[in-house]
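# how would this look folded up:
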Amino acid sequence: MSRTTIIGLTGSIGMGKSTVAAMFRRLGIPVFDADAEVRRLQGPGGRALAAIEQLFPGTTHPGGLHRDRLGAAVFGDHAKLRALERLLHPLVAEAQSAFLGAHRLKPAIVLDVPLLFEKDGWRRCHFTVVVSAPFRVQRARVLARPGMTPEKFAGILKGQMPDREKRQRADVVIETGRGRRHTWLAVKSLVAAL
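Residues are numbered from 1 along each chain as shown. Model (predicted):
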């Protein structure tokens, strides 16, 4: 009887995790995207909207979330951020379990989770993949995003495990700072090894 190999995919902001996740999908591996699930929960008709509005009045509207308002409400306030996480994490875990059940006959699946190590999601995985790039590449990618500032970037990094620590904990490290072709070959080689 075969067992589905669960691959935990993570990496700090701007490291190329979304690109690597797309490469896994291109190779036929189903990917659960935790960030996309959070966006669904907070989007139009999302299951988390009413509870978010109750916790943070004025941060939602009929079309979903006022991201800027919610960001301003929780940015730099650990207690408020933890309250938001306590609300969202069980809903994301429920969706992840449903995804695992729906794909239980696949040879492999990927759980794309930004805080895989920080929130112990790695325990559910057979092995972990960390996507990484040099800091100068990461910084340039992140600061090129609309609305991003050096202060916001520093705040986000503060809430994440340092890249060097993620690399140490990873079973596999995929470098994304050497160009898309190098990254594609690394992902292809990993999938072939499964």
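# C-alpha only now, for contacts and for neighbours.
OK.
# How far does the least confident helix or strand in the chain by mean pLDDT sit from its chain's centre?
None of the helices or strands of the chain scores lower by mean pLDDT, DSSP states H and E than helix 67-74, at a mean of 84. Offset of helix 67-74 from its chain centre (CA atoms, centre = their mean, to the nearest Å): 19 Å.
# Downstream of that helix, the next helix or strand is which one?
Proceeding N to C from helix 67-74, the next assigned helix or strand is helix 78-102, under DSSP states H and E.
# Would you mind pulling up the elements that the following helix or strand past that following helix packs against?
Later in the chain than helix 78-102, the nearest helix or strand by DSSP H and E is strand 108-112. Counting contacts by 3 or more CA pairs under 8 Å, 6 or more residues apart in numbering; DSSP states H and E, strand 108-112 is packed against strand 5-10, helix 17-26, strand 31-33.
# re earlier: using CSV, list the CA coordinates for the least confident helix or strand of the chain.
Listed next in CSV are the C-alpha coordinates belonging to helix 67-74 (Å, rounded to 0.1, in the frame of the first residue of the first chain):
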residue,chain,number,x,y,z
ARG,A,67,-6.3,44.9,4.4
ASP,A,68,-4.7,48.2,5.2
ARG,A,69,-7.0,48.8,8.2
LEU,A,70,-6.4,45.3,9.6
GLY,A,71,-2.7,45.6,9.0
ALA,A,72,-2.6,48.9,10.8
ALA,A,73,-4.6,47.4,13.7
VAL,A,74,-2.2,44.5,14.3
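# For that helix, which outside residues touch it?
56, 58-59, 80-81 (CA atoms under 8 Å, 6 or more residues apart in numbering).
# so who does the spatially most central residue of the chain touch?
Centrality entry for the chain: nearest residue to the mean C-alpha point is Pro114, 3.0 Å, by CA atoms, centre = their mean. Going by CA under 8 Å, 6+ apart, Pro114 touches 9-12, 34-35.
# Neighbour-wise, which one of those residues leads?
Leu9 (30 neighbours; other CA atoms under 10 Å).
# burial measure for Arg86, as a count.
11.
# how far away is it from Ala48?
Distance of Arg86 to Ala48, computed by CA to CA, to the nearest Å: 11 Å.
# same question, Arg3
Going from Arg3 to Ala48 by CA to CA gives 33 Å.
# More neighbours: which of the two?
Neighbours per residue (other CA under 10 Å) separate Arg3 from Ala48, with Ala48 holding more: 20 against 10.
# That one contacts Gln54, correct?
No. At 10.1 Å, Ala48 does not count as touching Gln54 under the criterion of CA atoms under 8 Å.
# Just the buried positions in stretch 152-171, please.
Within stretch 152-171, the residues that count as buried by 16 or more other CA atoms under 10 Å are 160, 163, 166-167, 170.
# same check, this time on stretch 102-112
Of all the residues in stretch 102-112, those buried under the rule 16+ other CA under 10 Å are 103-104, 106, 108-112.
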